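Peer 1: here you go, sequence then predicted model.
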Amino acid sequence: MKARPPGRRLSAAYAMVVDGLRKADKRRSDDACGWSYGCLSCCRAAVSGRFFSLGCVLNTTNEPGDPMRRLLIVCWLLAFATLPFTPFVVADAIENLKREHLEAVQKSVATYRAQRKELPRIGPFREHRANLHVHSHWSHDSVGTVDEIVEAARAVGTSVLMFTEHPAEHYDFFVDGNQGVKDGVLMIPGAEMQGFLVYPRMSLRGVTTTSPQELSDLVSGREGQLFVSHLEERMEWQIRGVTGVEIYNTHADFKDETQMVSALKNPFKMLQLAGLIQEYPQESFAALQNYPADYLKRWDELTQIAPHTGISANDAHQNVGFVIRWTEGSRGKLEDALGEKGIELDLNALPDIENLKKNKQPGDVIFSLFLDRYENSLRHVGTHLLLKDLTEESVRECLTAGRAFVAFDWIADSTGFDFYADSQAIRCEMGEQVTLAAELCLKASAPLSVHWRLIRNGEVDSESDGEALSCNVTKSGVYRCEAWLDVAGTPMIWILSNPIYVR
């Protein structure tokens with residue numbers, strides 16, 4: 001299909017939106033309007049090249065004085081009218097983006113926050129939250145600065161950031177990448193390359209490998225770590241020497257929702273969702289969460305062959321959204337999240353423009369809206385590490401040993417969760433191999449009362465409810481546990497442990 005020029009696509013999309021809302025407004029009654037269109041007095045757009053002057057704006061609420069809502073409408077229209085139009089189809093994830101559901105989710109989270117108990121960490125290790133698979137300005141698809149990423153990490157309780165930049169000729173991710181300690185956050189440089197998250201001990205610049213196995217041999221042979229990434233694309237891989245695999249990937253979770261992705265390109269739907277996303281940013285981001293059954297099935301298969309540490313992948317970019325930048329005088333530019341695809345705007349047409357420009361100068365961003373802000377992305381899920389100390393060496397040792405668990409901390413803070421084997425009064429941590437014995441017992445505890453599922457060799461071995469789990473082991477196998485919580489009436493996975501290998 002031949003694409004129309006941006007100006008024509010925008011003009012047609014704008015006309016379509018206006019016409020649709022005008023017709024809907026005529027049908028509207030006080031009691032029956034799921035979208036709450038409100039008053040549609042007039043709406044005109046004059047298009048000249050790539051400069052757009054909006055004579056007036058839509059008001060989608062019953063409250064005439066709602067400038068922020070009207071600003072969101074204008075911004076979303078301009079941001080998404082240039083995308084190919086896709087008819088809206090109801091999907092499960094979209095159903096989660098209703099106000100009633102988001103309010104219920106928020107209440108569940110608040111309830112768990114109030115009920116949560118502090119649990120002391122037993123044993124010689126200290127728990128630190130980590131985020132793996134994080135992109136910054138070094139990657140071609142992100143402009144995130146180290147300062148804003150570290151600030152987001154501190155806000156969500158993360159003390160380890162493991163970056164995975166896309167390699168490029170103009171920099172060396174190992175030498176130039178974000179590393180060291182900044183404001184108490186340990187940063188470790190790495191790359192997303194050839195199907196792996198790679199954390200080598202040396203520069204790979206100029207190094208070429210002919211197969212995934214060769215790259216694994218190169219990195220692991222020099223005591224580096226690497227994890228199979230985007231497992232949905234590599235279910236058949238069985239690579240020797242890898243540290244582990246992603247057992248959850250936020251991006252994979254999102255792109256699996258094909259109907260939701262289509263809906264987010266629909267100007268009608270974005271007009272409706274914009275206010276909710278600002279009011280419920282974390283809950284809206286979490287609407288995509290599903291139980292990663294396919295990832296876990298493959299992980300369970302791999303752990304029966306050889307130990308594989310399971311990690312969560314935030315795949316954080318902060319690149320879904322837009323900004324309005326003041327250029328000069330009364331003019332501005334609508335830019336995508338990477339500062340590209342600019343559309344010139346008459347700022348005087350935007351509501352509350354004087355407040356937006358207050359204490360700003362030409363060249364500054366005066367408004368922004370992102371679906372995947374670093375803070376939301378990093379809070380969504382994390383990998384909790386049991387470390388000897390907060391050093392890069394300790395992090396690498398911990399990941400290799402498998403002494404970690406994955407938790408969706410947006411639901412509740414999982415700090416203090418524990419899963420271990422008690423063998424004749426000897427404690428064995430996640431990732432360890434234990435000999436089957438008469439008194440072997442698997443134990444777990446959580447800071448909330450949960451629904452427990454004990455998994456053996458990929459199959460549910462037992463289920464129970466409460467703050468603790470205790471199960472005598474009579475058969476060898478690879479054991480891991482899951483902790484589930486009820487969120488707004490729906491069972492949701494909260495914690496995924498790494499395995500204990502009973503031989």
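Peer 2: Structure's in. What do you need? These numbers were taken from a predicted model, which means no experiment stands behind them. Numbers count the residues shown, from 1 in each chain.
Peer 1: flag every buried residue along the strand ranked longest in the chain.
Peer 2: Secondary structure of the chain read by DSSP state E shows that its longest strand is strand 441-456. For strand 441-456, the neighbour count (16 or more other Cβ atoms under 10 Å) marks 442, 444-448, 450-456 as buried. Every residue, glycine included, has its C-beta placed from N, CA and C.
Peer 1: walk me through which strands it pairs with, and which way each runs.
Peer 2: Using DSSP bridges, the strands paired with strand 441-456 are strand 418-423 (antiparallel), strand 459-472 (antiparallel), strand 477-487 (antiparallel).
Peer 1: and the residue lying closest to residue 249 once chain neighbours are set aside, how many neighbours does it have?
Peer 2: In this structure, residue 249 finds its nearest non-sequential neighbour in residue 313, 4.2 Å apart by Cβ to Cβ, 6 or more residues apart in numbering. Close neighbours of residue 313, defined as other Cβ atoms under 10 Å, add up to 30.
Peer 1: same check on residue 197?
Peer 2: Quick note: residue 197 (other Cβ under 10 Å) scores 27 neighbours.
Peer 1: and stretch 345-352, average pLDDT?
Peer 2: In this model, stretch 345-352 has an average pLDDT of 83.
Peer 1: so which strand or helix has residue 219?
Peer 2: Assigned by DSSP states H and E, residue 219 falls within helix 212-220.
Peer 1: so which residue is smack in the middle of this structure?
Peer 2: The centroid of the chain falls nearest to residue 377 when counting by Cα atoms, centre = their mean (3.8 Å).
Peer 1: so that residue: helix, strand or coil?
Peer 2: Secondary structure, DSSP: H, G, I helix; E, B strand; the rest coil: residue 377 is helix.
Peer 1: who's in contact with it?
Peer 2: Counting by Cβ atoms under 8 Å, 6 or more residues apart in numbering, residue 377 touches 152, 250, 285, 314, 315, 316, 317, 318.
Peer 1: so which bits of the helix or strand hosting residue 113 are buried?
Peer 2: Here residue 113 is covered by helix 99-115, with elements defined by DSSP H and E. Buried positions in helix 99-115, judged by neighbour count with 16+ other Cβ under 10 Å: 101, 102, 104, 105, 108, 109, 112.
Peer 1: the contacts of residue 377 in strands, which ones?
Peer 2: 314, 315, 316.
Peer 1: now residue 299: how far from residue 214?
Peer 2: Plainly put, residue 299 is 23 Å away from residue 214 if you go by Cβ to Cβ, to the nearest Å.
Peer 1: the more surrounded of those two?
Peer 2: Higher neighbour count among residue 299 and residue 214: residue 299, with 27 against 13, using other Cβ under 10 Å.
Peer 1: give the contact list for the nearest residue to the more buried one once chain neighbours are set aside.
Peer 2: In this structure, residue 299 finds its nearest non-sequential neighbour in residue 247, 5.2 Å apart by Cβ to Cβ, 6+ apart. Residue 247 makes contact with 231, 292, 295, 296, 299, 310, 311, 312, 406, 496, according to Cβ under 8 Å, 6+ apart.
Peer 1: look up phi and psi at residue 247.
Peer 2: Main-chain torsions, residue 247, degrees, to the nearest 10: phi -110, psi 0.
Peer 1: which residues in the stretch 151-300 of the chain form strands?
Peer 2: Secondary structure of the stretch 151-300 of the chain, counting by DSSP state E, counting those that start in this stretch: strands at 160-163, 180-182, 185-188, 191-193, 196-199, 225-228, 244-249.
Peer 1: tabulate these in TSV, adding columns for distance to residue 479.
Peer 2: Output for these, formatted as TSV (distance: least, Cβ to Cβ, whole Å):
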stretch	distance to residue 479
strand 160-163	26
strand 180-182	36
strand 185-188	29
strand 191-193	31
strand 196-199	25
strand 225-228	21
strand 244-249	15
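Peer 1: compute the inter-axis angle for the longest strand of the chain and helix 99-115.
Peer 2: What separates the directions of strand 441-456 and helix 99-115 is an angle of 160 degrees, with axes from the mean of the first three to the mean of the last three Cα atoms, to 10 degrees.
Peer 1: residue 329: how many residues sit nearby?
Peer 2: Neighbour count for residue 329, taken as other Cβ under 10 Å: 10.
Peer 1: got the contact list for it?
Peer 2: By Cβ under 8 Å, 6+ apart, the contact set of residue 329 is empty.
Peer 1: ok, so what distance separates the residue of the chain most remote from its centre from residue 353?
Peer 2: The centre of the chain is farthest from one residue, residue 438, which by Cα atoms, centre = their mean lies 42.9 Å away. From residue 438 across to residue 353, the span is 75 Å (Cβ to Cβ).
Peer 1: so what's residue 255 up against?
Peer 2: Counted by Cβ under 8 Å, 6+ apart, residue 255 has contacts residue 261.
Peer 1: and stretch 143-161, how far from the chain's centre?
Peer 2: Mean-position distance between stretch 143-161 and its chain equals 14 Å (Cα atoms, centre = their mean, to the nearest Å).
Peer 1: for it, buried residues please.
Peer 2: Applying 16+ other Cβ under 10 Å to stretch 143-161 flags 143-144, 146, 148-150, 152-154, 156, 158-161 as buried.
Peer 1: and stretch 164-176, how far out from the chain middle?
Peer 2: Here stretch 164-176 is found 23 Å from its chain centre; the criterion is Cα atoms, centre = their mean.
Peer 1: cool, stretch 360-377 as well?
Peer 2: A distance of 17 Å separates the centroid of the chain from that of stretch 360-377, by Cα atoms, centre = their mean.
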